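*Asks:* show me how the following folds:
(2 chains)
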Amino acid sequence: MLRLAVSNLIQNKTRLLLSVGGLGLALTLVFFFDAVFAGATGRLTAYIDRAGADVWVSQAGVRTMHMSASALPASVVEEVKEVPGVEEVEPILYATEMVRAKGDEYIAYVFGVSPDASMGAASRVVEGELTPGPGEVIIDHAIAAQAGLGVGDQVTVLGQEMRIAGLTSGTSSVASSVAIVRMEDFARARGQGVVSFVLVRVEPGESAGAVAEEIRKQVGGVTVQTGKEFASQERKLVKDMSADIINIMNTAGFVTGLAVVALTVYIGTIARRREYGVLKAMGVRNGRLYQIVVAQALLSVGMGLIAGLALTLLLSALIPRFNELLVLSVGAGAVVRVSLISVVLAGVAALLPARQIASLEPVAIIRRG
Amino acid sequence: MTTVAGVGGSWLLALSNLLQDKLRLVLSVIGVGLAVMLILFLLGLRAGMFRSAVIYLDNAPGSVVVAPPGVSSTGAGSGRLVARETADAVASTPDVAGVTPVLLMHAIPELHGKKEVIRLTGYDALLGGGPWKLAEGREPAADDEVVLDKALASRHNFRVGDSFEIAGHQLRVVGLSSQTSSWTGTYVFARKSLVESLVLAPGASSFLLVTPSEGTRTGELIESLQRLPNTNVLLKSQMMANDKQIIAGIADQIVFLMVAAAFIVGALVVGMVIYTATIERSREYGILKAIGARSGLLYRVVGSQAIVAAGLGAIVGVGFAFGLGWLVTTTKPQFMVVIEPSAIAATLAAGFVMALVGALFPARAVTKLAPAEVFRR
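*Replies:* Now for the predicted structure:
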């Protein structure tokens, strides 16, 4: 049965190529958006993951960083410092801003950090200084590469002309990147007496969760989260923001793929109706013939799935070479989900030719040729 | 004469070839239609993102914007604010008829387990900048009152009189606004004094919207406002263009890659259908060749089939795109899908190119046909 299905499919290699190509691209559409958002999500939490803080304190009700604003009175820093279990605190300023370079603007999460900060400082600096000096900024390598800039060049951040002191890596995505300036440069633009977040390191042996709970009890008007909780909230934000658009694209890609595979299996079955007629005349039952059609559909979809996955992986490898900001990431979850979608797709696609087979009259078919 | 007959004949032959198997034709038209739909839908989504990105400024008063230094878009710049003194100086500048201070703040409340991006807009009811279309209720008159977007309210079952929490503050919903929802953020309106207290910046604004006095030359007013310290003065239309540019920077590469993929899917569907139709009729093509028909006629037949299949698919695809756009905007009002005539024209042109690309494989098959072999078979 499988041999017959395979021989039916590969009977015409050009047609097979066209159909696998079409299906592969349709499934690539399903993979693509998922990969774009997954890639952006990984980069989005880069600063939080590398900041080295066990606990994050923000304005009451503020649980995320992306597209959020947090404003705390500077007095909160001392209040947090007094909480038992807190070893060290580090206030930072944060805003979603634009980095302007050579006439182009790039969205950036700009952080104001003290020069001797033990948490929240620049990490993975690939070129230049680890800490920005007054009037200096550390930006992501991808932004610098895109704008044709290097260490020592000038950019506009927070409305101020700043010299690039260093370049970090792995913080940029299509929607943002990280830029770090001196706390006082940021405060000049934002106004004094306010901080955005307070980063907390807990004493050795203390649990982040327990200290977070203690801060919650003792400091009013704040939201307290462990580093893991904060990163998880950030990932949830992207997931919630992207879920609708991913569902829409999945549906559109699924329906398009369905049309392609249905067409492929239908054409393949019709082209072989003479053989099916002969099989029927020989006493082969409809159920057996259905199995051949389903096997064809599964094989087509399987090949399309492999083609779609291979193309997405190829794009994931190629695109960042041309544009470091567009990071694609194909996760195991997406592969499983699209594979399940594909199985459903094959099942539905096999329905049309199955009806054709059921209505085949052996003698008439053989006579018609 | 021969040419005309030849052309007419090729179209007839093309049609009869396509209609030979109606189900196959229907599937191919649907396949191309879905590819065209995807292209048009993606372009519509992109245009919708552009429109929703500027929906506030488009409906807000004034034609000139005074922003903090270096800020030329509303999408970012939350780290800098315009001071109260600057707003006073702008208001007392000659030829300024009105100043609308606006303070924007992003907030991400979690409602029914889902994070919602809120653009909390602080405004002064006397100076404008609030909701432009109230569907229900009234504007906020106290610092614990808020106007919610109607679509957001509907998603989370909020009604006038309910309580809504932002940044730890319990606010009472006093009105619902229409046309204030977008994928990148939903507008929620409050008194400016409330937002000032949330961002710990009394009297500050994200930007000032300036309405020039009647008869004032906008260029001259911008020049005089630019003399004020710590400001960036630009036309509102320019700020809207900058906001769109930011969206384009994020979305365009992704959208265009997907449009390219959808285009190739469409071309492959056309190719597959016309190729199969050509192979099935290879005997007839061989006979035509044997009786002296030139390759040009056969190419025309193949090309005509491709154009008919892709043309029908493109028309169906435009219909599908409008249907999908309607479905998406009805079920998810935060998405704006704007299908513009220029996008339709571009998509129909893409359908034509799809046909030509799709005809390449079958054209090669026709060229390879040897008349004698056909008779032998």
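*Asks:* next, A:Val110: secondary structure please.
*Replies:* Counting by DSSP: H, G, I helix; E, B strand; the rest coil, the backbone at A:Val110 sits in strand.
*Asks:* skipping its backbone neighbours, what lies nearest residue 196 in space?
*Replies:* Using chain A. A:Tyr94 (4.0 Å; CB to CB, 6 or more residues apart in numbering or on different chains). For glycine as for every other residue, the C-beta is placed from the backbone atoms N, C-alpha and C.
*Asks:* that was the other one, I meant chain B.
*Replies:* B:Pro202 is the one closest to B:Glu196 (CB to CB, 6+ apart), at 5.3 Å.
*Asks:* can you check B:Thr329 too?
*Replies:* B:Val337 (5.5 Å).
*Asks:* for the one you found, what are phi and psi?
*Replies:* Note on B:Val337: its backbone torsions stand at phi -120, psi 120 [degrees, to the nearest 10].
*Asks:* ok, now B:Ala67?
*Replies:* Torsion angles, degrees, to the nearest 10, at B:Ala67: phi -120, psi 170.
*Asks:* B:Asn232 is in contact with that one, correct?
*Replies:* Yes. Shown here, B:Ala67 and B:Asn232 form a contact pair, counting by CB atoms under 8 Å, at 4.7 Å.
*Asks:* settle it for me: which of the two has more neighbours?
*Replies:* More crowded of B:Ala67 and B:Asn232, by other CB atoms under 10 Å in any protein chain shown: B:Ala67, with 23 against 20.
*Asks:* show the model's pLDDT score for the more buried one.
*Replies:* pLDDT for B:Ala67: 93.
*Asks:* distance of it from B:Asn230?
*Replies:* B:Ala67 is 10 Å from B:Asn230, where distance means CB to CB, to the nearest Å.
*Asks:* correct me, but the residue nearest to A:Ser196 touches A:Val194?
*Replies:* No. Under the criterion of CB under 8 Å, A:Tyr94 is not in contact with A:Val194, lying 10.9 Å apart.
*Asks:* who's more crowded, those two?
*Replies:* Neighbour comparison, A:Tyr94 and A:Val194: the larger count goes to A:Tyr94, with 25 against 18 (by other CB under 10 Å).
*Asks:* go ahead and flag the most central residue of chain A.
*Replies:* Of all residues in chain A, the one closest to the mean position by CA atoms, centre = their mean is A:Ala38, 1.5 Å from it.
*Asks:* which residues sit in contact with it?
*Replies:* A:Ala38 makes contact with A:328-331, A:334, according to CB atoms under 8 Å, 6 or more residues apart in numbering or on different chains.
*Asks:* kindly report the same for A:Glu184.
*Replies:* Contacts of A:Glu184 (CB under 8 Å, 6+ apart): A:112, A:134.
*Asks:* so for the helix or strand hosting it, mean pLDDT?
*Replies:* A:Glu184 belongs to helix A:183-190 when assigned by DSSP states H and E. Here helix A:183-190 scores 87 as its mean pLDDT.
*Asks:* likewise stretch A:137-149?
*Replies:* 89.
*Asks:* briefly note if that stretch comes near chain B.
*Replies:* No. Counting by CB under 8 Å from any CB of the partner chain, chain B is not contacted by stretch A:137-149; separation bottoms out at 10.2 Å.
*Asks:* from the chain's centre, how far out does that stretch sit?
*Replies:* Taking CA atoms, centre = their mean, to the nearest Å, one finds the center of stretch A:137-149 at 22 Å from the center of the full chain.
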